[in-house]
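# pasting the sequence and the predicted model now:
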Amino acid sequence: MSTGPAAVRATEVRRLPEQDVRAGRRATAWTVGPEGEPSVLLMDGSGRSVLPPFDGELVTVTARGERRRSLVRVPVRPDHPALLPGRRVLVAAHRAGRGGSDAAPNAVVLGSEGRPVRELALGDDLLVLTTDRAGRIWMAFGDEGIYGDHPVAHPGLTAADPGGRVVRRPQEGELPGRPLEGLAAATEGMAAWPAWYPDSLVSLLTRVDPADGTSRSVPSPVPEPLGFAITGDRGVFLTRAGGSARYGRSADGVCSGSRGRSTASARTAGTGCCGSGRATPGTGWRPDPGPRQPV
């Protein structure tokens, strides 16, 4: 997928290349980078469990074609791969243990040569992770992390720098509810916003702008999106039933949008839109008529 309006107008379904299928390789995790570049982490073998340290290959699709790089002796489970500036790669595990009195590392930064250069402790029950153009790591956690022993996860929504230092967490009263579960996330340039489930009945989208520190939360048009891509006032959301839904931002609330069947299993992220504190009544998404060109 591409950035800008085309990121939403053009919907691409990426599948594992036939050459990798024939070689017995499998996709273990997917991500989409800050510029809209989809990536998949490949490993040999047919088993589902991955025991670190492991070797793998990250395949990234860019505007210039496919780019492959080997990852060597990754020391954590590959639940969340992500792209960082300088051709670096982040790999993070969903769960984190404890090392003595401190949180044990559950993430690693791999340099441009694909080898580990730094381990990070990013918090337990890490459900959602994405990165922006500046290399900030945006995360959303589950209730076991929020109410657990790892302080990084306690706010529910957190951003860290590539060194693992927390650079943003919600302020008191900033959000319309307490986060209980992260659902998905996307970025829009330097800004990012997660979809999350609060201690209420409505899942929310919160756009955070690091430039001025402001945020804005609105109801999500899809109750529990698997992934989404948004630019300007248009968006595409993947549903957990395997479909997709297109919406445009509206002042008329949230209603059903145009939907289609999707076979994509990858998480989708892209440029964002909409995003001050509490959910705004009467501000949501309208049905979008779809792309103006065939896809």
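Looks like it arrived, so ask away. Numbering: from 1, shown residues only.
# tell me the mean pLDDT for the helix or strand hosting residue 236?
Under the criterion of DSSP states H and E, residue 236 resides in strand 234-238. Strand 234-238 comes out with an average pLDDT of 81.
# quick one: strands adjacent to it?
Sheet pairing here is set by DSSP bridges, and for strand 234-238 it gives strand 227-231 (antiparallel), strand 243-250 (antiparallel).
# point out the most buried one among the ones you listed.
strand 227-231 (a mean of 26; mean count of other CB atoms under 10 Å). Quick note: C-beta positions are derived from backbone N, CA and C, even for glycine.
# returning to what we had before: the strands paired with strand 234-238: lowest mean pLDDT?
Within these, the stretch with the lowest mean pLDDT is strand 243-250, showing a mean of 76.
# now the strands for the stretch 51-200 of the chain?
Here the stretch 51-200 of the chain has its strands, by DSSP state E, counting those that start in this stretch, at 54-62, 65-74, 80-84, 88-92, 98-99, 102-103, 107-110, 116-120, 126-131, 137-141, 157-160, 166-168, 179-188, 191-198.
# closest to residue 151 out of these?
With CB to CB as the measure, strand 102-103 is the member of the strands of the stretch 51-200 of the chain nearest residue 151 (7.8 Å).
# now the strands paired with strand 234-238 as a markdown table including distance to residue 210?
A markdown table is the format used below for these (distance: least, CB to CB, whole Å):
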| stretch | distance to residue 210 |
| --- | --- |
| strand 227-231 | 17 |
| strand 243-250 | 21 |
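# hmm, back to that, which of the strands of the stretch 51-200 of the chain comes out lowest on mean pLDDT?
strand 98-99 (a mean of 62).
# C-alpha coordinates for stretch 142-159, CSV please?
Extracted in CSV, the C-alpha atoms of stretch 142-159 (Å, rounded to 0.1, in the frame of the first residue of the first chain):
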residue,chain,number,x,y,z
GLY,A,142,-4.2,-5.9,27.5
ASP,A,143,-5.6,-6.0,31.0
GLU,A,144,-3.0,-8.4,32.3
GLY,A,145,-0.3,-5.9,31.5
ILE,A,146,-2.3,-2.8,32.6
TYR,A,147,-3.0,-4.4,36.0
GLY,A,148,0.2,-6.4,36.1
ASP,A,149,3.8,-5.9,37.4
HIS,A,150,5.3,-4.0,34.4
PRO,A,151,5.0,-0.2,34.8
VAL,A,152,5.4,0.5,31.1
ALA,A,153,2.0,-1.2,30.4
HIS,A,154,0.1,0.4,33.3
PRO,A,155,-1.3,3.4,31.3
GLY,A,156,-2.7,1.1,28.6
LEU,A,157,-1.4,3.3,25.8
THR,A,158,2.3,4.2,25.7
ALA,A,159,4.9,5.5,23.3
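# contacting residues around that stretch?
96, 98, 103, 121-127, 136-141, 160, 166-170, 175, 178-182, 192, 194, 196, 206, 208, 210 (CB atoms under 8 Å, 6 or more residues apart in numbering).
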